[in-house]
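Engineer: What follows is a predicted protein model with its sequence.
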Amino acid sequence: MPRVGLTPEQVVDHALALIDDQGPDGLTLAAVATRAGVATPSLYKHVSGGLTELRRLIAVRVTEELAARLADAALGRSGDDAVAAVLRAYHAYATAYPHRYNALPQAPQADDDLNAAAARLVGVIVAVLREYGLDGSEAIHAARTVRSLAHGFASLSIAGAFQLAEDLTTTHDRLITTLTSGLHTWPKA
């Protein structure tokens with residue numbers, strides 16, 4: 001019988017805390033069980049597919065967390081302000097939780113829950129692009145551009161690639177301005 005009060009969501013909470021503390025290599029069922037205060041075999045009562053299922057649940061949660069952060073950032077904003085807020089929120093999440101961010105799948109998966117979460121994430125980006133009059137294929141091209149820019153800058157930041165003395169926030173602001181300027185002249189379908 002599952003431990004009273006322990007849910008699959010709480011198992012994911014423990015796993016994320018472990019990843020935050022120790023990185024992805026620290027994620028083992030034994031380590032999660034220790035954090036949750038249960039025996040390792042007991043985790044299968046909460047996450048039946050073991051470590052593979054737990055990694056899937058982590059990917060879904062991280063995708064949902066990032067989608068929620070972007071949606072919150074965009075709320076009540078439009079145009080350049082919305083794009084800038086989304087990009088800043090994206091970078092803030094990735095750099096605050098670099099190990100979680102690295103658990104974010106970058107390609108579609110054969111998983112309905114994960115694809116639904118990814119659709120919400122992309123949906124936020126597409127929604128902020130509507131102000132630029134983009135729809136159809138052009139909205140997809142622009143969303144890919146935003147995602148590439150956000151992921152690239154976040155990944156390079158996390159990796160410590162920006163070592164020169166110039167302020168990273170200024171660089172990010174210039175990148176956002178370059179993107180929003182380009183969105184104003186983006187080809188219409």
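Structural biologist: Thanks, I have it.

Engineer: How about residues contacting stretch 84-98?
Structural biologist: 20, 62, 65-66, 69-70, 72-74, 77, 101, 124-125, 128, 146, 149-150, 153-155, 157-158, 172, 175-176, 179-180 (C-beta atoms under 8 Å, 6 or more residues apart in numbering). Quick note: C-beta positions are derived from backbone N, CA and C, even for glycine.

Engineer: Show me those that map onto helices.
Structural biologist: Assigned to helices by DSSP state H, the following of the contacts of stretch 84-98 qualify: 20, 62, 65-66, 69-70, 72-74, 101, 124-125, 128, 146, 149-150, 153-155, 157-158, 172, 175-176, 179-180.

Engineer: Tell me how far the spatially most central residue of the chain lies from residue 103.
Structural biologist: What sits nearest the mean C-alpha location of the chain, by C-alpha atoms, centre = their mean, is residue 66, with 3.8 Å. In this structure, residue 66 and residue 103 are 11 Å apart, going by C-beta to C-beta, to the nearest Å.

Engineer: Could you check how far the residue nearest to the centre of the chain is from residue 170?
Structural biologist: Per C-beta to C-beta, residue 66 is found 24 Å from residue 170.

Engineer: Give me the buried subset of the ones in helices among the contacts of stretch 84-98.
Structural biologist: The neighbour-count test (16 or more other C-beta atoms under 10 Å) marks 62, 65-66, 69-70, 73-74, 101, 124-125, 128, 146, 149-150, 153-154, 157-158, 172, 175-176, 179-180 as buried among the ones in helices among the contacts of stretch 84-98.

Engineer: residue contacts, residue 101?
Structural biologist: When contacts are counted by C-beta under 8 Å, 6+ apart, residue 101 is found next to 62, 66, 93, 94, 154, 158.

Engineer: so what pLDDT did the residue nearest to the centre of the chain get?
Structural biologist: What the model reports as pLDDT for residue 66 is 97.

Engineer: Kindly report the same for residue 57.
Structural biologist: On pLDDT, residue 57 comes in at 94.

Engineer: ok, the closest residue to it other than its chain neighbours - contacts?
Structural biologist: Sequence neighbours aside, residue 12 is the residue nearest to residue 57 in space, at 4.9 Å (criterion: C-beta to C-beta, 6 or more residues apart in numbering). For residue 12, the residues meeting the contact criterion (C-beta under 8 Å, 6+ apart) are 54, 57, 58, 61.

Engineer: wait, which of those residues is closest to residue 141?
Structural biologist: Proximity of these to residue 141, judged by C-beta to C-beta, is greatest for residue 61, which lies at 29.0 Å.

Engineer: Quickly find the element holding the residue found closest to the closest one once you drop the neighbours it is linked to in the chain.
Structural biologist: Counting by C-beta to C-beta, 6+ apart, the nearest residue to residue 61 once its immediate chain neighbours are dropped is residue 12, at 5.4 Å. For residue 12, the host element (DSSP states H and E) is helix 8-22.
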